[in-house]
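> Need coordinates for the following:
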Amino acid sequence: MSSEYRLKKLRGSGGYIMASVNDEQQRKGNLGGPDLFLAPVGRLESEKISKHYCNTCEKEYEGSPKIEYENPNEVVAENLVLLEKGQYICTACGSILAEYRNFSKPDENATVGAAVPNSDVMVPTPPTQPRIEMQTAIPTTGAHGVKAFSSITGLLVYDGDARRVGIVKEIGIQPDQSSVVLVVTKNDGTDTTIKWDEIRKIGEIVLLGGQLGTNLKCSKCGFTNSQGSKFCESCGNKIQ
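Next comes the predicted model:
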């Protein structure tokens, strides 16, 4: 892999930066689309950043934004350690341009377990449930009527336009045991559910395939419907 640096635009939830990055950093920042994202890359050297743009200021500035970080070295799940977390901050107004987290697996050959194991009861996998990485079948009683798993909780959630929309609260399955969902606490503090097939990729962050729409949770049976649904896909109840 080449160590040559190239000037690239890396997007964050509150703006973007122009920075010289190598092939490995480009690979981390590529989440499956044409754009590069700053959050998966982590902390860059300020000398490599030539400009930054702030969505709040609606203005581009020369040089690097302020970079603040800490190294908690905190065990956040079985075989998963949070090594570093940080923020890229606008030098003019103090708004957050991007946030990142760097994790480490002490045992690269082992899977990541539950963050807070609180039961030894195993839940059978529903026939239509897709394979989920970074989760175990240790349930708790969660919000929105789903059975929740302590797993990728705490990961930042970004929409398809690289805007931070919230943070993962829990992951679980619908009451009818047929659909996997994420419960996300949005930036305004309210919770919403996201169907598994609306997620593009899960890594250091959760990237959605599009924008975070309204919560189409059926008031009658609790099923989370696809965007644009007029009637519940599970019970046929009209969605308000």
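> mind listing the helices for this structure?
23-29 (DSSP state H).
> Domain-wise, how is it divided?
Per automatic domain parsing, the structural domains of the chain span 6-70+86-99, 113-215.
> Which one of those domains has the poorest average confidence?
Between the domains of the chain, the lowest average pLDDT goes to domain 113-215, which shows a mean of 61.
> for R11, what are its contacts?
Contacts for R11 (CB atoms under 8 Å, 6 or more residues apart in numbering) come out as 35-38, 98, 162. To be clear about C-beta, it is placed using only N, CA and C from the backbone, and glycine gets the same treatment.
> burial of P72, as a residue count?
12 (other CB atoms under 10 Å).
> Not counting its neighbours along the chain, what's nearest it?
L82 (5.6 Å; CB to CB, 6 or more residues apart in numbering).
> surely the one you found meets N73?
Yes. Distance between L82 and N73: 7.4 Å, which falls inside the contact criterion (CB atoms under 8 Å).
> neighbour count winner among those two?
Using other CB under 10 Å, the more surrounded residue of L82 and N73 is L82, with 18 against 10.
> List the contacts of that one.
Taking CB under 8 Å, 6+ apart, we find L82 in contact with 72-76, 101-103.
> Among those, which ones are in strands?
With strands taken from DSSP state E, the overlap with these comprises 74-76, 101-103.
> For those, give me CSV that also has neighbour count and pLDDT.
Conversion of these to CSV gives the following (neighbours: other CB atoms under 10 Å; pLDDT from 0 to 100):
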residue, neighbour count, pLDDT
E74, 10, 83
V75, 12, 79
V76, 16, 69
R101, 19, 82
N102, 17, 82
F103, 16, 79
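> which one of those residues is nearest G12?
R101 (13.3 Å; CB to CB).
> From T185, how far off is that closest one?
The gap separating R101 from T185 is 16 Å, by CB to CB, to the nearest Å.
> cool, and G94?
Distance of G94 to T185, given as CB to CB: 23 Å.
> And for L82?
Using CB to CB, which is the criterion applied here, L82 is 18 Å from T185.
> Could you do S3 as well?
If you measure S3 against T185 using CB to CB, the figure is 40 Å.
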